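> Requesting a structural model of the entry that follows:
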Amino acid sequence: MAIGVSQYRRLTAGGLLAGGSAPALRPDGLGGEPTSCPGGGSTAVRSVPVGYDTVTVAVRHGLEAVDILRLRRACGSVLQSAGGSAIAFLVPAGTAAGWHLPGSSCTAGAALLPPTDPRWVMPPSGPSALARPTDAWVLRSALCEAACTLTASGLSPF
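Numbers count the residues shown, from 1 in each chain. The predicted structure is shown next:
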């Protein structure tokens, strides 16, 4: 990293990145109604294929990355799998097409749970309780740092 250069770009008014070059990444397609689950039943889980992709890692690796991201104040919404063996980070849509990081997988779309569900590690917040995605490059950096930390402590991240 270059000295004196900000690692993260801040948003300005109107959702533009500093310098006004490009619009900021915002989740799209979240204004609709909850969709029904496969096989009918409850509408508590919403499948949102347009707004988010999901990066999934092993629980130990994921929780270490969550700690790193929280220290950087860059952690978006994070879910734990139903069995508790994996952590899923919400990232902007389109990330799955270019995601290649050993020990993780990225799939298009995301299943969003109600904000009060106990499986949220970092739940949606704010007045509208919308899930906030984690920047994909910041997440990649945190996952690499978490793997190095776990390896140095004698634990395997995978």
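> pLDDT at R10, what is it?
With respect to pLDDT, R10 scores 43.
> before we move on, what about A86?
For A86, the model assigns a pLDDT of 95.
> and V66, how many neighbours does it have?
Neighbourhood size, V66 [other CB atoms under 10 Å]: 19. Using the backbone N, CA and C atoms, a C-beta is placed for each residue, glycine as well.
> from memory it sits against W120, does it?
No. With contact defined as CB atoms under 8 Å, V66 does not reach W120; the gap is 11.4 Å.
> Common neighbours of those two, please.
V78 (CB atoms under 8 Å, 6 or more residues apart in numbering).
> elements contacting the lengthiest helix in the chain?
When the chain is parsed with DSSP state H, its longest helix is helix 136-152. For helix 136-152, the packing partners by 3 or more CB pairs under 8 Å, 6 or more residues apart in numbering; DSSP states H and E come out as strand 52-58, helix 59-71, strand 86-92.
> how about that helix: buried residues?
A136, V138, L139, R140, S141, A142, L143, C144, A146, A147, T149, L150 (16 or more other CB atoms under 10 Å).
> nearest to V55, of those residues?
L139 (6.2 Å; CB to CB).
> Tell me how far the closest one lies from V66.
Using CB to CB, to the nearest Å, L139 is found at 10 Å from V66.
> rewinding a little: highest average neighbour count across the helices and strands packed on helix 136-152?
Comparing these by mean neighbour count (mean count of other CB atoms under 10 Å), strand 86-92 comes out on top with a mean of 23.
> Within the sheet, what are the partner strands of that one, with directions?
strand 52-58 (antiparallel), strand 78-80 (antiparallel) (DSSP bridges).
> in terms of contact, does L79 touch G62 like I think?
No. Counting by CB under 8 Å, G62 is not a contact partner of L79; they are 9.8 Å apart.
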